[in-house]
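In: Generate a structure from the sequence data that follows.
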Amino acid sequence: MIELEQVSFRYQNEASHVLENINLTIEHGEWVAIVGRNGSGKSTLAKLLNGLCLATSGVVRVNQTVLTDESKHQARHYIGMVFQNPENQFVGTTVADDVAFGLENLAVPRETMIKRIDQSLEQVDMTIYKDHEPSRLSGGQKQRVALASVLAMQPEVIVLDEATSMLDPIGKKQVLSLIQELQEQLGVTVIMVTHDLNEAALADRVITLDEGTVWFDGKPRELLEKGDQLHEVGLEPPFVTKVYQQLTRQSIDITQEPLHYEELVDELWRLYLKT
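Out: Next comes the predicted model:
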């Protein structure tokens, strides 16, 4: 679905590259998390995928089309992006107007547009807020509307750039559960930029950036197994990882490193039942 070959990027008037010699392939239907410390190039990489930024050197392909200034608008038919602050995406006076905005730009027929608005709002459980002002919604609800606006465009790829970082724990859990459901039901490719390894653990694959290069590319569990090395690239190990590390230091037998609280609880129950 997406290929990057020897991709480097440098902002104008800056001497050093933000990204350097990135080689990646992302398959259709994958859920990929991109993690790293602030300034590692995560958000810039996300912007390269839909042409908000164009590579200084190298090649970015979306659905086998090379991204250029001329082709980037075509690529945006395949890729939808949800930003950190959903208010940056709001332009309409009502939720329905907001969802309609992108469809109007694509000249989608009105009858089709109405169906897509209703369908996307239903997918994110926001139908009853159709005629509400976006500014009066909670943080989690705003992010759902931003996601509905992207879903209405029927993209094959959804890019989430720190889309949960401004939400409270309940709102964050709701949005992540929704994304998980949509990915499973619709088979879309999800690319999630985050600094939170708890979120990254939900993905099929994690790409870790450090100083503009790929430091790790593999399964979430393989990343967590790096333990103290995570601090070297500015990542904070999740609580379950810290508990696991403390248990292993005390020679307590754990079958495998837990990814989630549920796996940690299962391991603790297994140990308890053995005693």
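In: number of nearby residues for the closest residue to Gly187 other than its chain neighbours?
Out: In space, and not counting its chain neighbours, Gly187 is closest to Gly29: 5.1 Å by CB to CB, 6 or more residues apart in numbering. Backbone N, C-alpha and C define where each C-beta goes, glycine included. Using other CB atoms under 10 Å, Gly29 is surrounded by 16 other residues.
In: Equivalent analysis for Leu224, please.
Out: 23.
In: Cross-check the contact I'm expecting between it and Glu257.
Out: Yes: shown here, Leu224 and Glu257 form a contact pair, counting by CB atoms under 8 Å, at 5.6 Å.
In: picking up where we left off before, mind listing what the residue nearest to Gly187 touches?
Out: 183, 187-189 (CB atoms under 8 Å, 6 or more residues apart in numbering).
In: Glu236 now?
Out: 197, 230.
In: can we see that at 10 Å?
Out: Contacts for Glu236 (CB atoms under 10 Å, 6 or more residues apart in numbering) come out as 37, 195-198, 230, 242.
In: who wins for most neighbours among those?
Out: Per-residue neighbour counts (other CB under 10 Å) across the contacts of Glu236 peak at Leu197, which has 23 neighbours.
In: Next one: that one relative to Leu224, how far apart?
Out: Note on Leu197: its distance to Leu224, by CB to CB, to the nearest Å, is 7 Å.
In: And Lys130, by the same measure?
Out: 41 Å.
In: Pull out the buried residues from stretch 32-43.
Out: Using 16 or more other CB atoms under 10 Å as the burial criterion, the residues of stretch 32-43 that qualify are 32-37, 40-43.
In: do the same with stretch 21-31
Out: Residues 22, 24, 26, 29-31 are the ones in stretch 21-31 that count as buried (16+ other CB under 10 Å).
In: First-to-last residue distance for that stretch?
Out: Stretch 21-31 has an end-to-end distance of 23 Å (criterion: CA to CA, to the nearest Å).
In: Just the mean pLDDT for that stretch, thanks.
Out: What stretch 21-31 shows for mean pLDDT is 93.
In: now swap in stretch 252-268 and tell me
Out: On average, stretch 252-268 scores 80.
In: tell me which residues in it are buried?
Out: Using 16+ other CB under 10 Å as the test for burial, stretch 252-268 gives 254, 257-259, 263-264, 267.
In: just to revisit the earlier point, secondary structure added to the contacts of Gly29, as a markdown table?
Out: Formatted as a markdown table, the contacts of Gly29 follow (DSSP: H, G, I helix; E, B strand; the rest coil):
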| residue | secondary structure |
| --- | --- |
| Gln183 | helix |
| Gly187 | coil |
| Val188 | coil |
| Thr189 | strand |
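In: With neighbour count, pLDDT and distance to Phe9 added, can I get those residues in TSV?
Out: Output for the contacts of Gly29, formatted as TSV (neighbours: other CB atoms under 10 Å; pLDDT from 0 to 100; distance: CB to CB, whole Å):
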residue	neighbour count	pLDDT	distance to Phe9
Gln183	20	86	27
Gly187	10	87	30
Val188	22	89	25
Thr189	21	92	21
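In: Return every residue with contacts to both of Leu224 and Glu257.
Out: Joint contacts of Leu224 and Glu257 (CB under 10 Å, 6+ apart) are 240-241, 244-245.
In: State the three-state secondary structure for Val175.
Out: Strictly by three-state DSSP, Val175 counts as helix.
In: State the distance from it to Ser149.
Out: From Val175 to Ser149 the distance is 14 Å (CB to CB).
In: before we move on, what about Val190?
Out: 16 Å.
In: ditto for Arg116
Out: 10 Å.
In: Let me know the secondary structure of the spatially most central residue of the chain.
Out: Closest to where the C-alpha atoms of the chain average out (CA atoms, centre = their mean) is Met192, at 1.3 Å. Classification of Met192 using three-state DSSP returns strand.
In: do the same with Val243
Out: helix.
In: Which residue ranges of this structure form helices?
Out: 42-49, 72-75, 95-105, 110-123, 139-151, 169-186, 197-200, 220-224, 229-232, 239-249, 261-274 (DSSP state H).
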